[in-house]
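Trainee: Sequence plus predicted model, see below.
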Amino acid sequence: MTTTYLRQAKAADLPAIMQIIAEAKAYLKQQKVDQWQHGYPEQNDMATDVAAGLNYVMLRDGVIVGTASLLQGIDDNYKVIEQGSWLGAADQTYTSIHRIAVAAGYRGQHLSETLITNLLTLSVQLGYTDVRIDTHPENVGMQHVIKQNGFDYRGIIYMHEPKEPRYAYQLQLND
C-alpha cells in the first residue's frame with residue numbers, strides 16, 4: 001500500500017524542494033516552455049515560503065515527491081486581469097497556488113492532481129472557498145492538470161518584471 005500525504009514544509013526540506021524545482025525547470029526547458037527559465041523560483045523564494053508557513057510538501061512513502069506554495073488573502077499579481085474577469089467581489093480573499101512541482105521520477109502518476117486536491121482541502125480548512133492558480137501559456141501539461149481539478153479559465157494576468165503573461169484560473173468551492 002502506498003501512502004501519499006501533504007504536510008507543511010520545514011527548513012530541513014529545502015534541499016529536496018530545490019531539487020524538485022531544478023528538475024521542473026529542466027523539464028520545462030526540455031518542453032521548450034519559457035517558464036522558470038530565468039532564475040525564478042530561486043532558493044530565497046522557496047526559503048521565504050517555508051519560513052512563512054506557506055509551502056507544503058507531498059510525501060509518498062516518506063519521500064518528498066512534490067512541492068507547492070499556498071498563499072492566502074489577495075495576491076498582488078492577480079489584482080489586474082485582462083481578457084476576462086474573476087468571479088466574486090474585488091476585495092474577496094482567496095488562496096492562490098504557486099510554485100507547484102513534482103519530482104522527475106514521479107511524473108506520469110497524476111501526483112500534480114493529488115497535490116492540488118490536497119491544497120483545495122487545505123484551502124477550505126483555512127476558511128477559503130475561492131482558489132486561484134496560473135500557468136505559462138505554453139505550459140499545456142499544467143493547463144491540463146488545472147482543468148482536471150475543476151478550475152475554469154478566467155483571463156490573463158502578468159507576473160514579475162518584465163511583465164510575463166500567465167493564463168489565470170479560478171475554482172469556487174462549496175464549504
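Mentor: Yes, it's here. All values reported here derive from a predicted model rather than from experimental measurement. Residues are numbered from 1 along each chain as shown.
Trainee: Which positions in the biggest helix by length in the chain come out as buried?
Mentor: Looking across the chain with DSSP state H, the single longest helix is helix 14-30. The neighbour-count check on helix 14-30 (16 or more other C-beta atoms under 10 Å) flags 14, 16-18, 20-21, 23-25, 27-28 as buried. Quick note: C-beta positions are derived from backbone N, CA and C, even for glycine.
Trainee: can you check stretch 61-69 too?
Mentor: Buried residues in stretch 61-69, counted by 16+ other C-beta under 10 Å: 64-69.
Trainee: neighbouring contacts of it?
Mentor: With contacts defined as C-beta atoms under 8 Å, 6 or more residues apart in numbering, stretch 61-69 is touched by 2-4, 9, 13, 16-17, 20-21, 46, 49, 54-59, 97-103, 105-106, 111-112, 114-116, 119.
Trainee: Could you dump the buried residues of stretch 61-69 into CSV with secondary structure, distance to Lys147 and pLDDT added?
Mentor: Below are those laid out as CSV (DSSP: H, G, I helix; E, B strand; the rest coil; distance: C-beta to C-beta, whole Å; pLDDT from 0 to 100):
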residue, secondary structure, distance to Lys147, pLDDT
Ile64, strand, 26, 98
Val65, strand, 22, 98
Gly66, strand, 19, 98
Thr67, strand, 21, 98
Ala68, strand, 17, 98
Ser69, strand, 21, 98
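Trainee: May I ask which two of those residues are separated the most?
Mentor: Using C-beta to C-beta, the pair of those lying farthest apart is Val65 and Ser69, separated by 16.1 Å.
Trainee: Show me the helices in this protein, by range?
Mentor: Secondary structure of the chain by DSSP H: the helices cover 14-30, 43-51, 111-125, 140-148.
Trainee: Pipe those helices into a markdown table and attach distance to Ala89 and mean pLDDT per row.
Mentor: As requested, the helices of the chain are exported to a markdown table (distance: least, C-beta to C-beta, whole Å; pLDDT from 0 to 100):
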| stretch | distance to Ala89 | mean pLDDT |
| --- | --- | --- |
| helix 14-30 | 34 | 97 |
| helix 43-51 | 27 | 97 |
| helix 111-125 | 18 | 97 |
| helix 140-148 | 23 | 96 |
